[in-house]
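Novice: when you get a sec, could you give me coordinates for this:
(one chain, ligands or ions: 2)
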Amino acid sequence: MKLLSLKGQNIGLLKGEFEFEFDQSLTVITGPIGCGKSTILTMIRASLTNSFPGTASSWASWGASPQEACYFVASWRIGSRVLHIAKCVSGDRDFAAMNIPRLRIENDDGTIEDVHSSREALERTHSLIPVPASIIDGHLIVDQDSITAPVASTPAKFKETIHTLTRTSELELMRLKIKDLLCTVTIPDVEGPLAEAQAEVNRLTGEENGIQKRLLEVNTHQSNININEVNADLETQQLLRRNNERMADLELYVREARSSLQFLDSGIVSQTVTLAEVEHRLLSRHAKVEEAKKTLYSLDASRERYAKKLKLQDHLWNVSASIDDLTARIADAPACEKVPADYKVKAQDVRASFNAEIAALKQRIALVEQGNCPTCGQSTKCPVSVEDLKDQLNGKQLELEAVTRLQKEISDCIDAWERYDNESKVWVALLDSRKEEMMRITSELESLADAVEVGASEAVELKALIDSHAADESQRTMLNASLTHKDKQRAELNGKLQEYLRQIEDLPKKKFDPEFYARLMHNLETYRKLDGVRQGLVGELSATQKTLDRAQDRLKVYLDRKAKIEPTLRFREVLQLSEKALVKDALPKLLSAQYMGKLNERIQFYLRMINAEFTAHINSDLEFMAKKSDGLVHKANRLSGGQKQQASVCYLLAVNDVFASTLGVLALDEPSGAMQESNSQDLAEAFNYLANLGQRTGRQFIVITHSAALAEYGCKQIRLEPSK
Ligand SMILES: Nc1ncnc2c1ncn2[C@@H]1O[C@H](COP(=O)(O)OP(=O)(O)OP(=O)(O)O)[C@@H](O)[C@H]1O
Ligand SMILES: [Mg+2]
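Specialist: Ligands and ions are numbered 1, 2, ... in the order given. Predicted structure coming up:
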């Protein structure tokens with residue numbers, strides 16, 4: 001970055017138009033006191049930082065009219081473009097009329113970009129210059145009064161300038177951001193649960209091994225018992241025992257069968273004897289019983305005829321009584337004389353004519369009593385007597401009563417005769433059938449005339465004989481059946497007996513050994529117990545393995561979790577380290593590693609160049625220290641005024657080397673102001689070197705001085721005239 005030119009009008013003492021060209025390596029600005037040299041640096045700085053000592057408007061030339069444009073344009077080359085930065089301190093309207101852009105960017109490819117908004121122009125300028133404004137201001141463009149400031153300031157102030165240079169404040173902001181970020185990084189506690197899960201897995205693995213060991217022991221014990229042999233021997237012994245038991249059972253069955261057979265045989269013998277007796281009895285009584293049956297049959301027939309005779313006699317008596325009754329009823333006709341049935345109607349008609357006459361009489365009496373004629377009904381004084389009419393009425397009513405009584409008698413008589421006629425028809429029919437029945441009974445009785453009563457005792461004896469014979473017959477049947485059954489039972493029993501004997505013959509005769517069997521059982525029991533223990537252990541092992549699996553799953557989850565949070569942990573660690581490293585007061589070491597070594601080296605280089613009688617360096621606490629030839633080390637602010645200026649200039653040159661090599665410009669206002677002529681001469685030589693260095697490295701120096709000797713070394717001199 002190089003300043004090419006500065007032109008404008010009415011800035012401070014530079015009233016009217018002005019234009020200065022700058023050399024690319026060393027430009028020296030000279031002139032008498034108060035001629036406006038420092039004003040040029042003010043413009044250079046303001047073009048980059050927009051900062052004016054006091055206010056911008058205070059830089060308008062005194063006496064310039066308020067309308068008159070007071071401005072300057074600084075032209076800078078930055079890389080492949082030239083920036084024309086315009087600053088107007090007063091007379092904006094006039095300046096606007098000139099149509100000078102606040103920023104013109106001329107690219108080497110010939111394109112031009114104009115920015116007219118001052119705010120936008122400032123932003124673009126800052127984006128294009130390679131060093132922040134805070135470093136330019138005070139370190140790369142150094143005021144007349146500030147030349148000794150780096151050495152003369154307090155250690156704290158100096159530390160702050162170093163912080164500014166090293167952009168530590170920006171780092172501090174970054175540290176605070178990291179601190180905030182650290183607060184957001186939360187990591188769940190995995191170590192505790194992980195250790196617990198690991199302990200659980202270890203415990204369960206131990207348990208599993210223990211169970212496995214016990215299982216091995218049980219298996220060894222079991223393998224000592226030849227269980228197949230034991231089972232085979234046991235089976236043999238059990239078979240023998242079953243055979244022996246079966247033999248005992250069979251022998252018992254044989255005994256029982258034989259005694260049953262004996263019992264059956266004696267039964268058969270006694271029943272056969274009884275049967276023979278019964279047969280004999282039946283045979284001897286057979287003819288007598290047949291005779292008795294016949295006799296008993298005829299006795300029964302006689303008894304039946306006699307009983308029928310008695311029954312018919314009873315019946316005949318009843319029929320005869322019924323005939324008498326019916327005959328009496330038929331003879332009992334009504335006492336009144338029989339009249340024709342239409343008399344009932346005739347009697348009713350007679351009564352009706354009487355009733356009509358009575359009604360007519362009652363009407364006539366009523367008319368007469370009203371004073372009307374009883375015949376025509378007219379109101380005339382007829383000579384009819386009411387009394388006569390009433391007598392007639394009474395006569396008629398008496399006659400009606402007599403007729404009514406007669407009518408009832410006739411009606412009763414007719415009803416009685418009707419009833420009698422109907423009933424007597426039935427009675428006559430019944431009487432005829434009774435008479436027929438009587439004739440039938442009478443003829444039947446005649447056929448039973450010889451039937452007589454038979455005596456009971458003879459029949460009883462016959463019956464007893466027949467019954468006794470029947471009892472013998474049924475006993476014979478029963479005995480025959482029983483004997484048949486017993487024969488069958490005997491055959492069955494005999495069959496079974498033969499079967500038992502055959503089975504006894506078939507059974508092996510070897511004996512069961514109880515002692516050997518007990519030993520075998522003991523072995524089997526031991527084996528089974530071990531089996532039980534083994535099964536228990538297998539179950540325990542399976543449960544433990546399941547629990548172990550679960551514990552291992554849990555452990556895996558925690559290990560996964562740990563693996564997952566590992567990057568976060570590392571991230572947090574890095575953040576913590578960064579945060580620790582970026583603590584402002586902990587930075588010197590870092591800085592010394594990065595910058596301080598180089599800075600100190602450059603300070604020594606320039607001090608040697610100007611043959612200073614002391615060396616200076618910045619220590620790890622960021623203090624500017626000086627070391628005299630006698631070896632005494634003290635803070636640099638205790639150097640003399642001239643030494644301070646030497647140290648400061650060397651420091652500024654070093655800072656420019658280290659921090660602004662990209663900016664490539666250093667402007668110093670009276671760097672040799674407080675120096676002895678001899679020292680100043682040294683500085684001049686140093687400037688000569690700088691000019692060469694500038695030419696070689698493309699570094700631009702702008703130095704204001706009133707030292708004619710120093711001015712000689714400038715590649716270009718801008719000589720200002722004394723102010724008028
Ligand atoms: N707005 C202004 N208009 C006109 N003159 C001004 C204005 N402000 C300051 N001055 C004058 O400018 C001069 C200061 O200029 P400057 O500081 O650039 O001089 P200098 O050449 O650097 O002097 P020195 O050699 O003493 O450092 C003073 O004489 C001051 O009165
Ligand atoms: Mg000055």
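Novice: I'd like the next helix or strand past the helix-or-strand element of the chain with minimal mean pLDDT.
Specialist: Least confident helix or strand of the chain, by mean pLDDT, DSSP states H and E, is helix 587-591 with a mean of 63. Going down the chain from helix 587-591, the next helix or strand is helix 597-609, by DSSP states H and E.
Novice: which residues are contacting that following helix?
Specialist: Outside helix 597-609, the residues that touch it by CB atoms under 8 Å, 6 or more residues apart in numbering are 614-618, 646-647, 649-651, 653-655, 657-658, 682, 685-686, 689. Just so you know, the C-beta spots here come from the backbone N, C-alpha and C atoms, and that holds for glycine as well.
Novice: buried ones among the residues you listed?
Specialist: Buried members of the contacts of helix 597-609, scored by 16 or more other CB atoms under 10 Å, are 614-618, 646-647, 649-651, 653-655, 657-658, 682, 685-686.
Novice: helices - which of these land there?
Specialist: 646-647, 649-651, 653-655, 657-658, 682, 685-686 (DSSP state H).
Novice: can you put these in CSV and add pLDDT and distance to ligand 1?
Specialist: Listed next are those as CSV, based on pLDDT from 0 to 100; distance: CB to the nearest ligand atom, whole Å:
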residue, pLDDT, distance to ligand 1
646, 83, 20
647, 89, 22
649, 82, 17
650, 88, 22
651, 88, 22
653, 84, 21
654, 88, 25
655, 85, 23
657, 83, 26
658, 83, 28
682, 67, 22
685, 70, 23
686, 66, 21
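Novice: assign the residue in the chain positioned nearest to ligand 2 to helix, strand or coil.
Specialist: Among the residues of the chain, residue 38 lies nearest to ligand 2; the distance is 3.1 Å by CB to the ion. Three-state assignment for residue 38 (DSSP: H, G, I helix; E, B strand; the rest coil): helix.
Novice: could you report the separation of it from residue 668?
Specialist: Between residue 38 and residue 668 the distance is 11 Å, computed by CB to CB, to the nearest Å.
Novice: ok, now residue 581?
Specialist: 35 Å.
Novice: who's more crowded, these two?
Specialist: Set residue 581 next to residue 668 and count neighbours by other CB atoms under 10 Å: residue 668 wins out with 25 against 14.
Novice: these two touch, right, the more buried one and residue 700?
Specialist: No: applying CB atoms under 8 Å as the test, residue 668 and residue 700 come out as separate, 11.9 Å apart.
Novice: distance between the helix or strand where residue 420 lies and the chain's centre?
Specialist: In this assignment (DSSP H and E), residue 420 forms part of helix 386-447. When distances are taken as CA atoms, centre = their mean, to the nearest Å, helix 386-447 is centred 109 Å away from the chain's centroid.
Novice: I'd like the average pLDDT over it.
Specialist: On average, the pLDDT along helix 386-447 is 91.
Novice: and that helix, what does it pack against?
Specialist: Using 3 or more CB pairs under 8 Å, 6 or more residues apart in numbering; DSSP states H and E, the elements in contact with helix 386-447 are helix 227-331, helix 343-369.
Novice: what residues does this structure have near ligand 2?
Specialist: Proximity of the chain to ligand 2, by CB under 5 Å from the ion, involves residues 37, 38, 144.
Novice: cutoff 8 Å now
Specialist: 33, 34, 37, 38, 39, 144, 669, 670, 704 (CB under 8 Å from the ion).
Novice: need the three-state assignment for the nearest residue to residue 240 once chain neighbours are set aside.
Specialist: Nearest residue to residue 240, sequence neighbours excluded (CB to CB, 6 or more residues apart in numbering): residue 512, at 4.1 Å. Classification of residue 512 using three-state DSSP returns coil.
Novice: try residue 538
Specialist: Going by three-state DSSP: residue 538 is helix.
Novice: go on, the one 4 residues further on?
Specialist: Reduced to three states with three-state DSSP, the structure at residue 542 is helix.
Novice: now it: how far from residue 371?
Specialist: As defined by CB to CB, residue 542 lies at a distance of 143 Å from residue 371.
Novice: quick one on the thing from earlier: find residues that contact each of residue 38 and residue 668.
Specialist: Residues within reach of residue 38 and of residue 668 at once, by CB under 8 Å, 6+ apart, are residue 704.
Novice: quick check: closest non-adjacent residue to residue 165.
Specialist: Leaving aside its sequence neighbours, residue 165 is closest to residue 659 (5.3 Å, by CB to CB, 6+ apart).
Novice: for that neighbour, list the residues it contacts.
Specialist: 131, 135, 139, 165, 595.
Novice: what is the neighbour count of the second one?
Specialist: Right, the one you point to is residue 135. Applying other CB under 10 Å, we find 20 residues neighbouring residue 135.
Novice: repeat for the first one
Specialist: Residue 131 has 19 neighbouring residues, counting by other CB under 10 Å.
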